[in-house]
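Q: please find the sequence and the predicted model below.
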Amino acid sequence: MLRCSLAAALLEDAAKDDRFLTLAIMNDRNDHPGRGDACLDLREHGRVPEIMVSFETSCKVYRRMTDHAPLELEHFLPYRLSILSNRVSQAIAHAYQDRFDLSMTEWRVIAVIARYDGHGLSAREVAGHTEMDKVAVSRALTRLVAAKRVARRTHDGDKRRSVLRLTAAGWKIHDAVAPLARAHERKMLAALSVEERRALKGILDKLAPVAEKD
């Protein structure tokens, strides 16, 4: 198989010049006694260039071609989870992006601030809860504050720490989008039995701390 693979590659190159090729893949009888010679003669007519390639060279070429081990993404769990997450986020985003001129990052920020409204989160805490890049979250917050959907306030009179709250406009967006997100979740979970839903929750609960350690 090694010889055939190399021969095919050389023949393909020779075909580009409209030339004919005699390929002799030779073993060194002194170094490798007993292996014998293999010769593939593809000459049809006319003078033919002859290329001599050692068995060792053919092995090296073959190994270089097979050194890589691409991930089988269709079976790779992190990739599959990422794709599923993107699909779900995109499906929900269609319902609010144009209607409210809202990005996915901005919606996640609004959802997190609403969930922890009683705590009064700082920008760093919002980034921590979203598990998103801090710069992306900071830009989303800047835009939401400028649009008067989020307000920055001092925490208990402490000017050194500001907390984030949804404004009336922010809550209006949240109250319109949250039911759509829940409806999409119900649609997805409808494909699972009650036992499968419990199993899925248990698996996600187990995997979350493992991923966090990495």
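A: Sure, I can see it. Numbering: from 1, shown residues only.

Q: rest of the way, CA atoms for contacts and neighbours
A: Fine.

Q: any buried residues in the lengthiest helix in the chain, and which?
A: Counting residues, the longest helix in the chain under DSSP state H turns out to be helix 168-189. Neighbour-count burial for helix 168-189 flags Gly170, Trp171, Ile173, His174, Val177, Ala181, His184 (criterion: 16 or more other C-alpha atoms under 10 Å).

Q: show me what it is in contact with.
A: Contacting residues not belonging to helix 168-189 are listed as Ile92, Ala95, Tyr96, Phe100, Ile110, Ala111, Ala114, Lys148, Arg149, Val150, Arg197 [C-alpha atoms under 8 Å, 6 or more residues apart in numbering].

Q: now the closest residue to the fourth one other than its chain neighbours: how far from Gln97?
A: When you say that, I think you mean Phe100. Nearest residue to Phe100, sequence neighbours excluded (C-alpha to C-alpha, 6 or more residues apart in numbering): Ile173, at 7.4 Å. Separation of Ile173 from Gln97 (C-alpha to C-alpha, to the nearest Å) stands at 11 Å.

Q: same question, Asp67
A: Going from Asp67 to Gln97 by C-alpha to C-alpha gives 45 Å.

Q: which one's more surrounded, those two?
A: Neighbour totals were compared for Asp67 and Gln97, and Gln97 leads with 15 against 8 (other C-alpha atoms under 10 Å).

Q: so the more buried one sits right up against Glu106, yeah?
A: No: Gln97 lies out of contact with Glu106 (C-alpha atoms under 8 Å); the separation is 9.9 Å.

Q: this structure: helices as residue ranges?
A: 2-15, 55-66, 77-93, 97-100, 104-115, 123-130, 134-146, 168-189, 194-213.

Q: ok, now which ones touch Val126?
A: Val126 touches Val109, Val112, Ile113, Val137, counting by C-alpha under 8 Å, 6+ apart.

Q: ranking the residues you listed by neighbours, who comes first?
A: Using other C-alpha under 10 Å as the neighbour test, those are led by Ile113, with 26 neighbours.

Q: Leu121 is in contact with that one, correct?
A: Yes: in terms of C-alpha under 8 Å, Ile113 counts as a neighbour of Leu121; the distance is 6.9 Å.

Q: what touches both of these two?
A: Common neighbours of Ile113 and Leu121 (C-alpha under 8 Å, 6+ apart) are Leu164, Arg165.

Q: burial count for Glu106?
A: By other C-alpha under 10 Å, neighbour count at Glu106 equals 21.

Q: against Ala176, how distant is Val135?
A: Noted for Val135: a distance of 27 Å to Ala176, by C-alpha to C-alpha.

Q: which secondary structure element of this protein has the lowest mean pLDDT?
A: strand 22-26 (a mean of 41; mean pLDDT, DSSP states H and E).

Q: return the closest of the contacts of helix 168-189 with respect to Ser85.
A: Closest to Ser85 out of the contacts of helix 168-189 is Ile92 (10.9 Å), distances taken as C-alpha to C-alpha.

Q: greatest separation within the contacts of helix 168-189: which pair is it?
A: Across these, the longest distance by C-alpha to C-alpha is 38.6 Å; it joins Lys148 and Arg197.

Q: any idea of the pLDDT on Arg152?
A: Model confidence at Arg152, expressed as pLDDT, equals 89.
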